[in-house]
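Visitor: Predicted model follows, preceded by the sequence.
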Amino acid sequence: MIISVASGKGGTGKTTIAINLALSVRNVQFLDCDVEEPNAHLFLKPLFSERISGFIPVPEIDGEKCDCCGRCQEVCVFNTIAVLPGKIREHGSVLIFPHLCHGCGACSLLCPRRAIHEVNKEIGIIEKGFSDGIQFVHGKLNIGEAMSPPLIRQVKKHIDPTKTVIIDAPPGTTCPVIESVRGSDYCILVTEPTPFGLNDLILAVEMLKTISIPYGIILNRYDIGDDCVDIYARENGISVLMKIPFDREIASLYSKGLPIVGYKREYDSEFKNLIEKMNLNTQGHN
Amino acid sequence: MKQIVIISGKGGTGKTVLTASFAFLAKNKVMVDCDVDAADLHLLLHAFVKERFEFRSGQTARIDKARCCECGECIDMCRFDAIGKDFVIDPVSCEGCALCSRICQYGAIAMEENVSGEWFISDTRYGPFVHARLGIAEDNSGKLVSRIRQAAKEIAEKEKKSYILIDGPPGVGCPVIASITDTDLAVVVTEPTLSGIHDMLRIIDTTGHFHVPVKVVINKFDLNPENSGKINDICESKDIEIVGRIPFSAKVPRSLVQAVPFIEYAQDEVAGEIISIWSKMESIMKEKKSSN
C-alpha cells in the first residue's frame, strides 16, 4: 500500500503525521518527496548508506557537426536553446540555458545533423538509508534549481512495493505535489481549522479528485480556529481520520525533532489504527 | 519603488500573517500574492476583483483518434509517460514539449494552448492587490508568478508607489525563484524548530544564489528558546540581521478566523513586534535609497 501525506497549506503537520505513521506500522518504507525542503530525516534520523545523483538530461552541441541550422531552437518549446546563424567558429553559435530544459529530448532527436547529444546535469541528490527498520529515501534539490518534479520522479523510482510506503509530499497543489502523490492508494490531507486551512484543503481535494486518489482528512490543532473544516468535511462526505488538539508538548517535541508516538502514549494506538481507518475508507469509496 | 518579498522555505511559519500586517502598516504600496499554488492573502485583505485575466501558458498534446494508426512511436518517445496504451494523453503528465506531435508520421497529434489559471487586479482597503489562481493540477507556477509581479510593477510605476509587498510561496524551487528575483529585500520568516532552521538555511542560500539581501524574523520564538538561540548564532555567523522576534500567541489563528490582518485584531506584544519589524524595514529601505 502506498500512502501519501499532503496538504495545500504548508506547516499544517504533514511531516508530523507521516513520521508518526511510519513509526506505528511494520515493514515500512519512507519517502520524503518534499525535495525543496526535506525535513523527515530530522525526525527519523536515518543512517544514510547510499547517495545518488538526481539529474535531468540536457543538450550538448557537437561543434564539429553543428551547422547552426536553428532546428533545435525551433523545436524547443522551453526556450532552452538560442542559435546565432552562421557556421560555428564563423560567427554562428549555439547557446544553451540548461536551467530551462525539461529534458524532453526533442532537440537531440530532431537535429538533422545529429549534432546534439544529451548529458546528465545534476539537479539534486537522493539519499537512502535505514532508521530503526524503516527504509528511508529522500531527495534534496540543489539550491538554485527550479524544477523539482524530475527529482521527485527519481526518488519514487526507489519505491519498494512489498512494503507499506509512506510519502511525505511538499505543500501546495501543483506539479511537485501531483508528482509526489500520484500512484498512491490513499492520500491523507492534513489541515487546520482556519480559513487558510480550509481554502487550501478545498484546492487539495480538487487536485486529488482530478487524479482519482481516495483521501481523508487529519485535522491538526483542531481547537485553534473554528469549525469550518468540520462543516466542509461533513457536507462533502469526507472522513476525518483523526483530530489532534493544539498542545504545547507536541509543539515542543516537534521543535526538537522528536515524534509524538513513544512520547505521548495516548497517541500510539491512534496512529496504529490509522491504516485500518484508511482501508475502510477506501472500500467506502468504491 | 522597493520590492520586499516575505518567504520562509518551510510552510506555515507566518508569511501571510506578516504580509497582511505590513499591508496595513506600509504607506503607498501594492500587494502581490505569489503563492499561486495555495493563495490565502486575499482572505485577509478582502480583495474586490476589478479586472480578471486568463493565464495562458504552455500547450497540451491531443491525439486525433481518426488519424491515429496506433503505431506507438509517441508512447516510446515521450519522456513524461504522458501517453497511455489507449493512445489518450494524460494532460496532467504532458509537459507540452510537442515532441510527439513533431514525430507522428500520421499528423494525428495536435498541440492545444492551455488556459492554466487566472489572475486578478483587485481593490482592497490597503491598496491595489494583484493575485492569481492556478488551475487545478496545472503547471507553470513560476511563469504565473512572473506575470503577476510584472503587473504589480506596472501599477506601482504608474501610481508612483513606494513599495511592492510580495507574499512568497514555501519551498526553494521554481515559484520561489520567480518570487525573489530582482527584489530589494527578502524577509525570511522562520520558527525555532529543527525543520524551521533547516529550511531557513536552504532559503538563505537561495537568496544568496540570486543576490537578494536578506533579513530574518523568528516567529513563535518563545516556543523553543534553545533553538531560537541557534538561529541567532547562525544569523550572526552569516552576518544576517534578525529584525524581529515574535512571541507565540493563540490570538493569531483567531485573527485568521476573523479574517483581518493581525495588527487590526489585537494591540498586544505580537502587534508591537510586527510594528517594530516594519519600521526597521522602512529604515533599511530608506538607507538603501540614499546609498543608491
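Guide: Yep, that arrived.

Visitor: can you pull out the helices in the chain?
Guide: Here I'm looking at chain A. Here chain A has its helices, by DSSP state H, at A:14-22, A:40-44, A:71-75, A:106-110, A:149-156, A:175-181, A:195-210, A:228-235, A:248-255, A:268-285.

Visitor: other chain: chain B
Guide: Under DSSP H, chain B gives helices at B:15-25, B:41-45, B:73-77, B:99-103, B:141-158, B:174-180, B:194-209, B:225-237, B:251-257, B:262-265, B:269-291.

Visitor: Next, the buried residues of the helix or strand of chain A with the lowest mean pLDDT.
Guide: Ranked by mean pLDDT, DSSP states H and E, the weakest helix or strand in chain A is helix A:268-285, scoring a mean of 84. Going by neighbour count (16 or more other Cβ atoms under 10 Å in any protein chain shown), the buried part of helix A:268-285 is A:Asp268, A:Glu270, A:Phe271, A:Leu274, A:Ile275, A:Lys277, A:Met278, A:Asn281, A:Thr282. (Each C-beta comes from the backbone N, C-alpha and C, glycine too.)

Visitor: Hey, what's the angle from it to helix A:14-22? Just curious.
Guide: Helix A:268-285 runs at 100 degrees relative to helix A:14-22, counting by axes from the mean of the first three to the mean of the last three Cα atoms, to 10 degrees.

Visitor: Find out how far helix A:268-285 is from the centre of the chain, if you would.
Guide: Distance of helix A:268-285 from its chain centroid, counting by Cα atoms, centre = their mean, to the nearest Å, is 22 Å.

Visitor: Would you tell me which residues of the stretch 51-200 of chain A are close to chain B?
Guide: A:75, A:77-78, A:102-106, A:109-110, A:141, A:143-148, A:170-178, A:182, A:192, A:194-196, A:199-200 (Cβ under 8 Å from any Cβ of the partner chain).

Visitor: Selecting buried members of the residues you listed in ChimeraX, what would you type?
Guide: Entered in ChimeraX, the line below selects the buried ones among those, by 16+ other Cβ under 10 Å:
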select /A:75,77,78,102,103,104,105,106,110,141,143,145,146,147,148,170,171,172,173,174,175,176,177,178,182,192,194,195,196,199,200
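
Visitor: Quick one: end-to-end length of stretch A:209-216, please.
Guide: 12 Å (Cα to Cα, to the nearest Å).

Visitor: What residues sit buried inside that stretch?
Guide: A:Thr210, A:Ile211, A:Ile213, A:Pro214, A:Tyr215, A:Gly216.

Visitor: restrict these to those near chain B?
Guide: Within the buried residues of stretch A:209-216, those near chain B by Cβ under 8 Å from any Cβ are A:Thr210, A:Ile211.

Visitor: any idea how chain A splits into domains?
Guide: Domain assignment for chain A by automatic domain parsing gives A:2-55+A:123-285, A:63-114.

Visitor: Tell me, domain by domain, which residues of chain B belong where.
Guide: B:2-46+B:125-291, B:58-115.

Visitor: Including mean pLDDT, distance to A:Phe136 and mean neighbour count, could those go into JSON lines?
Guide: Below are the domains of chain B laid out as JSON lines (pLDDT from 0 to 100; distance: least, Cβ to Cβ, whole Å; neighbours: other Cβ atoms under 10 Å in any protein chain shown):
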{"stretch": "domain B:2-46+B:125-291", "mean pLDDT": "96", "distance to A:Phe136": "16", "mean neighbour count": "21"}
{"stretch": "domain B:58-115", "mean pLDDT": "95", "distance to A:Phe136": "26", "mean neighbour count": "17"}
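
Visitor: Which one of those domains lies nearest to chain A?
Guide: In terms of Cβ to the nearest Cβ, the element of the domains of chain B nearest to chain A is domain B:2-46+B:125-291, at 1.1 Å.
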